[in-house]
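Chemist: okay, sequence plus prediction incoming.
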Amino acid sequence: MSSDSIPWPRPRAATRSFPERVHEWVTTVDHKRLGIMYIVYALIFLMIGGIEAMIMRIQLIHSHNDFVSPQVFNRLFTMHGTTMIFFVAMPILFGFANYLIPLMIGARDMAFPRLNAFGFWLTAFGGIFLYFSFVGASGLYGAGGAPDVGWFAYAPLTSQTFSRGHSTDYWILAVLVSGFGSIATAINILATIFCMRCRGMTLGKMPMLVWLYLTMAALVLLAVSPLSAAQIMLLVDRYLGGHFFDTQAGGSAVIWMHFFWIFGHPEVYVLAIPAFAFASEIIPVFSRKAIFGYPVMVAAALAIAFIAMSVWAHHMFTVGMSSNANTFFVLSTMAIAVPTGIKIFNWLATMWGGKLHFKTPMLFCIAFLFQFLTAGLTGVMLSSAPFDWQLGNSYFVVAHFHYVIVGGILFTLFGAFYYWFPKMTGKMYNETLGKLHFVLFVIGFHLTFDFMHIPGLLGMPRRIYTYEPGRGWDALNLIVTIGVFFQATAILVFVGNLLWSYFRGEPAGSDPWDAWTLEWSTTSPPPAYNFPVLPVVKSRRPLWDLKHPEDPDWKYE
Amino acid sequence: MSPTNIFAPVSASARSIFELSIFVLAVAAVIFVVVFGLLAYCVIRFRKRTGDNGREPAQVYGSNQVELAWTVIPILIVVTLFLATARVIADIQNAKRPGRPVEVIAIGHQFWWEYRFPGLNVVTANELHIPVSDPANPAPTHITLLSADTDHSFWVPRLAGKTDLIPNRENSMWIEPTETGLYLGQCAQYCGTQHAKMLLRVYVQSRDEFDRWIQEQSQPAQAGKAVSKGQKIFETTACINCHRVAGTAADGRFGPDLTHLMSRETIAAGSTPNTAENLRLWLKNPAALKPGARMPAMGLADEELDALTAYLQTLR
C-alpha cells in the first residue's frame, strides 16, 4: 500500500468561516484547546480581579477616603477573593495541566476528553454566573448587587437574616458549580496520569510536573468535596429551613469555619503545588542540570499534601479553641515547613554547579524562590498561635498570603507562560519585553506586598473600607497603592507581549530551550494527535538520552 | 508611634506574646539570611559566563547525605519553635483564675460594643474603663465575650491578642494592664457593612478613678426640667425601642445604653468626637457619619433635633 492511498486530513484553516471556527472551539474535546481556553478565560478574570484590587487600593490610599462606599468596598473584596481563587488560579492551573500532562506523558489526550470539556464549561459558567450577580442579585430593595460576605463567607453573615436578597445565593451557586468542574478535572488528571503514560514511563520516570499535578489533583478531590457539601448545607439553611449555621436557631458559626478551612487550607497547596511543578521544570532546564533529589522531591510533595489536610484550624486560632487544639495545629502547621524547606533546598542544589541562563522564565523562578522563602517564614510566624492572636486577620496576613499567591504562584505562572508559550503558539515571545515585565512586576510586587506587612504589625485589620488617621498607617498604605500601579503596568506589558508575539513573533521551532521532556519532541504547536508515533522512554529525561546517547540518564537512575 | 503597635505591650499576655514573637522573628531572620545568601551566591557564582564552552555541566542526580542534613536541621528548628510556642499557649490559655478579678461582659453588635459589669449595675457602650494593675495591687480584668448577631473580634493590640466574639458561644480573655492611659483597637473580624468603624477604646485608670467611674455610671439619669421637651420627643419616638436611659421609660436593648452618654468622649462606636454638632448630625442622619449603621434617620424637624440634642447632652 502506498502512502498516498490513505487520505490524510487536510488543513482547512484558511477556508473556515468565523462561525465555523467558533463552533470548533466551543465543541472541542481536544486537551490542548481546552487548556488554552482555561488559560484565556482565567486571564480575563485576572484582569477583572486586578481592577477590583486597584479600586480597593485607591480607596485605601489615605485615611477617611471617600472613593467608594463601604457597601461597594465590601463587594469588591468579596469578588476579588472569590474571583482570584476560583476563577483565576484554579482554571489557569487546570489549563496548564490539561495542556501539558498528556504531552509530557506521551499520550494523545486526557483519559476522559468529554468530561474534560464538561469541567471547563462548568467552571466557565460559574464565573459568568458570579458576575451576573451585579445585575441579577437584587431581591429586596437595597439588598441587590454582588455578594458582600467576604470570600470565606463566615456564618451567620450568610444567613437570610443578615444577607437578604440573592447576592449570597449567587456566591454559593457559582462556587458550587465551579467546584464540580474542579472535581471532574481532578478525576480526569488522576485517570490520565495513572492510565495513559507511554511505554517505559513508570511512575518513577514521570517528569516532576506530572508528579506534582498528581498530588494536586488528589488534594482537589479531598478539599473541594467538603466545600461543596458546606455550600449545599448553606443553601438548605437559606431555603429549606435548615439550621446548620443559623446561630439564631442554635446552629454553629464555628462549624462553617471548620468546613471552609478544611477546604481553604489544602486549597493553598492545590495552588502552590503546580507552582512547584513549573519551577521544577524550568529551573533544571535553565541551570542545564537534572533536578536534584528527584525521589526526595516527590516524597516532599506527598508529605506536604498529607500534612496539608491537618492544618486547617490555624485559620481559627482566635475563635477560642482549647489550648490542646491550638497546640496541635501549631505543630502540624510548623511541620509543613520541613518538606517545603526540602523543596527549596533541592531547587538550590539543582542550580548549584549548573550554568544558569537568565531567560525570562528563569528570572521569574529565581524571584519565586526568594519570595516563597519569605512567605514561608512569615507563615512560620503566623503558625505560632500566640503571635497569630496579634497578627491574625490583620494586614500582615493579607501581605503573607499575597506573598504566597502572587510572589510564589503568579511568579511561576508567568515563568510557565514564557516557557511554554513557544510550544503553545509556535512563536517566540519578545525577550526584551519579557524582561521589562519582570522588572516592573518585581518593583510593583515588593512595593505593594513588602510594605503591606507593616500596617498589620501596627494593628490594621483587614477588610476595612477606611481607617482612622494618626495610627501610622497612612504613608504605608500610600506606598502599597503606588506599587499596584507598577504591577498593572507590568501586566499590560505582559499581555501586549503575548498578543504581539502571537501575531508577529519569530517561529520558535519544536525545542527552543534545548529541553528534556516529551512535549519538546513534537512540533510547536503540536498537532491534534500530539505524536505521530507514541514515544517510548527509558528515563526521566527522554530528550536528554536522545541528545546525549554517549551518556544517557537511564544509566544512573 | 502608632497607638496600636503590637510591639509596645503594656499588659501581661501582650507582653508574653511580644517576647515569643521576638524569638520567632529572630529565628526567621537567621534562616532568611542563610538561605537568601545561598540563593544569591548560586545566582552569581553559577551564571553562564561569556565565552562559555557550550558544554553541559556535570549532571548530579542527588545525594542522600545532603538530603538527610537539610531534613534533620529544619526538624530541630521546628521542634524548638514549637516548644517555645506551646509554653506561651499554656501560660496564656491555662492561666490560673486570680482572686478577685474585675468581671466585664463584652457583647459585639453590628457595629458597636456593649459592656456590662455584672453585680455593679453598670452598662455602657464603646468606651471600656478598667483599673490598672501593679504587682503590689494586682487587678486583672476578665472579659467574657459574646455576640448579639454576627462574628466580631476584640483586638486592642497593646493589651492582648485578639479573641473572637461568636454568636451562640462564650469566649473569654484576661487583660492585666500595667500603665494607665487610653488604648485603641478595633473589631478584627468582618461583621458587615460598617466593620471599619467599630472601634475599641479602653481607658485604663488608677483604682481610685476607676471606682469613681463605676460609682457615677451606676447612678440613674438626671435630667432637668429645661429639657423636658427633648425628653418627651425621645420617649415618644422610636428611640426607646432600642436605647435605654436608666430611671426613665426608655428601656431598649438593641442600641447603646445612653444613661451616661455625655461621660463618653465619642459617639458612633468611637468613630466621631462627642460634640453637640456631631450628636445633632448623628440624630438627623446617622448615615452621614457612618453609612450602613443600624440606626435609622427618624425624620425629625430642626427644632425637634435641637431639643433632642439638648436633652441627650444632659445625660452625664
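Modeler: Great, that's in hand.

Chemist: ok, the closest residue to A:Ala528 other than its chain neighbours - how many residues close by?
Modeler: Spatial nearest neighbour of A:Ala528, chain neighbours left out: A:Asp30 (5.8 Å); criterion: Cβ to Cβ, 6 or more residues apart in numbering or on different chains. (Glycine included, C-beta is placed from N, CA and C.) Counted with other Cβ atoms under 10 Å in any protein chain shown, the neighbours of A:Asp30 add up to 22.

Chemist: ok, A:Asp30 - contacts?
Modeler: A:109, A:113, A:528 (Cβ atoms under 8 Å, 6 or more residues apart in numbering or on different chains).

Chemist: what about the residue in chain B sticking out farthest from the centre, distance to A:Phe77?
Modeler: In chain B, B:Asn53 marks the outermost C-alpha relative to the chain mean, sitting 64.1 Å out by Cα atoms, centre = their mean. Applying Cβ to Cβ, to the nearest Å, the value for B:Asn53 to A:Phe77 is 54 Å.

Chemist: with A:Leu115 instead?
Modeler: Distance of A:Leu115 to A:Phe77, given as Cβ to Cβ: 34 Å.

Chemist: repeat for A:Trp347
Modeler: For A:Trp347, the distance to A:Phe77 - Cβ to Cβ - is 33 Å.

Chemist: when these two are compared, which one has more neighbours?
Modeler: Legend: neighbour count by other Cβ under 10 Å for A:Trp347 and A:Phe77, higher for A:Trp347 (27 against 21).

Chemist: ok, and what's touching stretch A:541-557?
Modeler: With Cβ under 8 Å, 6+ apart as the criterion, stretch A:541-557 contacts A:204-205, A:290, A:511, A:514-518, A:520-521, A:535, A:537-540, B:56, B:59, B:61.

Chemist: any quick PyMOL command for the buried ones out of those?
Modeler: Command for PyMOL that selects the buried part of these, burial taken from 16 or more other Cβ atoms under 10 Å in any protein chain shown:
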select buried, (chain A and resi 205+290+511+515+516+517+518+520+521+535+537+538+539+540) or (chain B and resi 59)
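
Chemist: just for chain B, where's the confidence low?
Modeler: Residues of chain B meeting the criterion pLDDT under 70: B:223.

Chemist: try it again at 80.
Modeler: Residues of chain B meeting the criterion pLDDT under 80: B:1, B:97-99, B:222-227.

Chemist: for it, which helix is longest?
Modeler: For chain B, the helix with the greatest residue count under DSSP state H is helix B:12-45.

Chemist: is the following helix or strand past it positioned near chain A?
Modeler: Downstream of helix B:12-45, the first helix or strand assigned by DSSP states H and E is helix B:64-93. Yes - Helix B:64-93 lies within reach of chain A by Cβ under 8 Å from any Cβ of the partner chain, at B:66-67, B:70-71, B:74-75, B:78, B:81-82, B:84-86, B:88-90, B:92-93.

Chemist: that older thread, can you give me the angle the longest helix of chain B makes with helix B:64-93?
Modeler: 160 degrees (axes from the mean of the first three to the mean of the last three Cα atoms, to 10 degrees).

Chemist: got the buried residues for helix B:12-45?
Modeler: B:12-14, B:16-18, B:20-21, B:23-25, B:27-28, B:31, B:35, B:38-39, B:42-43.

Chemist: what is the burial count for A:Tyr239?
Modeler: 10.

Chemist: for A:Thr82, same thing?
Modeler: 26.

Chemist: just the pLDDT for it.
Modeler: Note on A:Thr82: pLDDT of 96.

Chemist: could you tell me the end-to-end distance of stretch B:49-61?
Modeler: With Cα to Cα, to the nearest Å as the measure, the ends of stretch B:49-61 fall 23 Å from one another.
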